[in-house]
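Q: show me the folded form of this:
(one chain, ligands or ions: 2)
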Amino acid sequence: MTALIPDQPTPLIIARFSEITLKGRNRAFFEKRMERNAALHLRPHGPWRIRRERARLVVNGGEDVATAVAILRGLPGIANVSVTRPVSREPQQLEAAALDYTASLLAGTPHPEGRTPRFRVTVDRKDKRYPQSSMEVAAQLGHAILEQHPGLKVDLGRPDFTLMVEIWEDGALLFGEKLSGPGGLAVGSSGRAVCLISGGIDSPVAAYLMMTRGCPVVYLNFHSFPFIGEQSKEKVHDLVRLLSRHQPASRIYVAPFANIQQAIRDHCPEGLRTILYRRLMNRVANAVAEKEGALALVTGESMGQVASQTMENIYVIQQSAAYPVMQPLIGMSKEKIIAVAREIGTYPISIQPYPDCCTLFQPRHPETRAKPERVHRAEAALPLEPLVAECVAGLEVTDYGPQYYPTQW
Ligand code: ATP
Ligand code: MG
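A: Numbers count the residues shown, from 1 in each chain. Ligands and ions are numbered 1, 2, ... in the order given. As a prediction, the model looks like this:
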């Protein structure tokens, strides 16, 4: 096997797969997905070559390593990424290379105040036939490092830096860190979903979580122009562009919602407005899901977070959906949702203070436990079919591909 090319001047990027390694007989399918996604994402960013090798992608050939690493770290299915130096695994050469590499790790480690830096060596034998055990190699390299840098100390528990070594059949890899990725499954390994995305904090996180479960996500936003300004729509586009780093192709539909909202305002009980808005949104989403071959809708509700998100209201809202409505945030606290939003970078965009159409003609006393019969009766006063058909006919489609990042990231 010649997976590695030792003593190359350019680094080799290793992107390790997450759960897809557990998938038994489907493993090849998941791994191919992962490789294909990485290829699609990297293509606009240089002549990167990608190979699949024992539950990893081995990536090299391009110049802008930082960008490639940022891209790979955004891909669902990637557990972590390392920028490595491929070297000879022949013991003497390995030791010399490890000493040289340690010098660069040491230079990049901020010296802790008042004490000497501590380090550890971790060795992982991918080739179990290598004559020395992992422990032996680690001990030998650690010893050589201490000899060359008498000021250093070994600390297996909380080192300031770690020299990591992987020994393969045709060489060894040296690296200092594993940068975390999203984990989960490669996008495309589960079915497609339509995510109802507002400009808020929650729905972008819901979309992200679905992507990490392997679902390609198509976005649908409702926009009540001219009551709600263009900036609100731009904000949603900004969110979708940012989220496009997680799947090879992102499509957003923007639906004109003003006529529906006005009809509800004019013909239905005030307290039911929010529920009716959401029921009409679901009907338009049904049409988009059918068009896109999606098998589920996704929304960002969290149980009890606001008046509209009670069990009773969720029940009656979901009756209007022709597909399962998935709510990945349903059991999460606001703090947890915000923590994810910060991690994926959507938070600063989401908190920009532009209104969402749900705030339009907002009832003074929104119903928190809507009775289904009352809702159905209220809805009967609306020309449902033409309203939904008109909204669907006015859908505005935009596609974003992998060329859009990581400039914003
Ligand atoms: P978010 O932070 O996602 O806006 P929220 O806490 O404001 O959620 P609601 O206003 O009750 O919650 O909306 C619940 C869900 O309905 C949203 O998470 C989203 O999936 C969907 N939704 C609400 N408004 C819109 C909209 N204008 N366009 C598309 N989907 C929407
Ligand atoms: Mg909202």
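Q: which strand runs longest in the chain?
A: strand 78-87 (DSSP state E).
Q: that strand pairs with which strands?
A: Partner strands and pairing direction for strand 78-87 (DSSP bridges) are strand 12-17 (antiparallel), strand 171-175 (antiparallel), strand 179-180 (antiparallel).
Q: let's have those strands in TSV, adding distance to ligand 2 and mean pLDDT.
A: In short, each C-beta sits where N, CA and C put it, glycine included. Formatted as TSV, these follow (distance: least, Cβ to the ion, whole Å; pLDDT from 0 to 100):
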stretch	distance to ligand 2	mean pLDDT
strand 12-17	35	96
strand 171-175	42	97
strand 179-180	29	97
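Q: how about those in CSV, adding distance to P117 and mean neighbour count?
A: Compiled in CSV, these are given as follows (distance: least, Cβ to Cβ, whole Å; neighbours: other Cβ atoms under 10 Å):
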stretch, distance to P117, mean neighbour count
strand 12-17, 25, 23
strand 171-175, 18, 24
strand 179-180, 21, 13
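Q: which one, of those strands, ends up nearest to S190?
A: S190 lies closest to strand 12-17 among the strands paired with strand 78-87, at 15.7 Å (Cβ to Cβ).
Q: CA atoms only: put that closest one into CSV for me.
A: Provided in CSV are the C-alpha atoms of strand 12-17 (Å, rounded to 0.1, in the frame of the first residue of the first chain):
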residue,chain,number,x,y,z
LEU,A,12,-0.9,15.8,4.1
ILE,A,13,-4.3,16.6,5.5
ILE,A,14,-6.1,13.7,7.3
ALA,A,15,-9.9,13.9,7.8
ARG,A,16,-11.2,11.1,10.0
PHE,A,17,-14.6,9.7,9.6
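Q: what number of residues lie near S350?
A: Residues lying near S350 (other Cβ atoms under 10 Å) number 20.
Q: excluding chain neighbours, what is closest to it?
A: Among residues not flanking S350 along the chain, I201 sits closest, at 4.4 Å (Cβ to Cβ, 6 or more residues apart in numbering).
Q: for that neighbour, what are phi and psi?
A: Main-chain dihedrals, I201, degrees, to the nearest 10: phi -80, psi -30.
Q: ok, T299 - contacts?
A: With contact set as Cβ atoms under 8 Å, 6 or more residues apart in numbering, T299 has these partners: C195, L196, S203, A206, V325, M326, Q327.
Q: need the per-residue pLDDT for it.
A: For T299, the pLDDT comes out at 98.
Q: give me phi/psi at whichever residue of the chain sits closest to ligand 2?
A: Ligand 2 sits closest to G200 of the chain, with a gap of 3.2 Å, by Cβ to the ion. Taking degrees, to the nearest 10, you get phi -80, psi -170 for the backbone angles of G200.
Q: returning to what we had before: quick one: the residue nearest to S350 and A341 touch, right?
A: Yes: the criterion here is Cβ atoms under 8 Å, and I201 meets it with A341 at 5.3 Å.
Q: which neighbours do these two have in common?
A: With Cβ under 8 Å, 6+ apart as the test, I201 and A341 both reach Y347, S350.
Q: can you pull the buried residues of the lowest-mean-pLDDT helix or strand in the chain?
A: Scoring the helices and strands of the chain by mean pLDDT, DSSP states H and E places helix 27-42 at the bottom, with a mean of 92. Buried residues in helix 27-42, defined by neighbour count with 16 or more other Cβ atoms under 10 Å: F30, E31, R33, M34, E35, N37, A38, A39, H41, L42.
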